[in-house]
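Undergrad: Build the 3D model from these lines:
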Amino acid sequence: MVEILWTETSKKWLKEIHEYIANDSPANATKVVNNIIDRSETLKNFPSIGQRLLDWPDYEIRMILYGHYRIVYRIVSESRIDILGVYHSALDIKRHLKL
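TA: As a prediction, the model looks like this:
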């Protein structure tokens, strides 16, 4: 089974998502963040399920969707995936993702 590691940057994005949604509904904020984490857990069994991002041909960078959010991850090895960030669909990933 694949180990999923959340980078510090991805943890920061989750925290910001939670804070933004919590301004209107703390309960919904927790629900959304938990659902994002749950969605990323599918990568343990299906690491290549996400769409490959071709902007970074030297890396195995992919993304899966949850609602309006894109969960961007890197397949590091057969046993490890790094979650690089969670981006709202309105954001330009290239502007925010630093490799």
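Undergrad: so who does the residue most central in space within the chain touch?
TA: Centroid-nearest residue in the chain: Ile71, 2.5 Å away (criterion: CA atoms, centre = their mean). Taking CB atoms under 8 Å, 6 or more residues apart in numbering, we find Ile71 in contact with Ile36, Arg39, Ser40, Gly50, Met63, Ile64, Leu65, Ile83, Gly85, Val86. Just so you know, the C-beta spots here come from the backbone N, C-alpha and C atoms, and that holds for glycine as well.
Undergrad: State the three-state secondary structure for the third one.
TA: Per DSSP: H, G, I helix; E, B strand; the rest coil, the local secondary structure of Ser40 is helix.
Undergrad: That one: how many residues sit nearby?
TA: 20 (other CB atoms under 10 Å).
Undergrad: what does the second one give?
TA: For Arg39, the tally of surrounding residues (other CB under 10 Å) stands at 16.
Undergrad: Contacts only, for it.
TA: Ile64, Tyr66, Ile71.
Undergrad: Show me what the helix or strand of the chain with the lowest mean pLDDT packs onto, helices and strands only.
TA: Each helix and strand of the chain was given a mean pLDDT (mean pLDDT, DSSP states H and E); the minimum falls on helix 93-96 at a mean of 79. Secondary-structure packing of helix 93-96 (3 or more CB pairs under 8 Å, 6 or more residues apart in numbering; DSSP states H and E): strand 80-88.
Undergrad: Would you mind pulling the contact partners of the strand it packs on?
TA: By CB under 8 Å, 6+ apart, strand 80-88 touches 2-7, 9-10, 13-14, 17, 36, 40, 43, 47, 61, 68-76, 93, 96-97.
Undergrad: Among those, which ones are in helices?
TA: Members of the contacts of strand 80-88 lying in helices (criterion: DSSP state H): Thr9, Ser10, Trp13, Leu14, Ile17, Ile36, Ser40, Ile93, His96.
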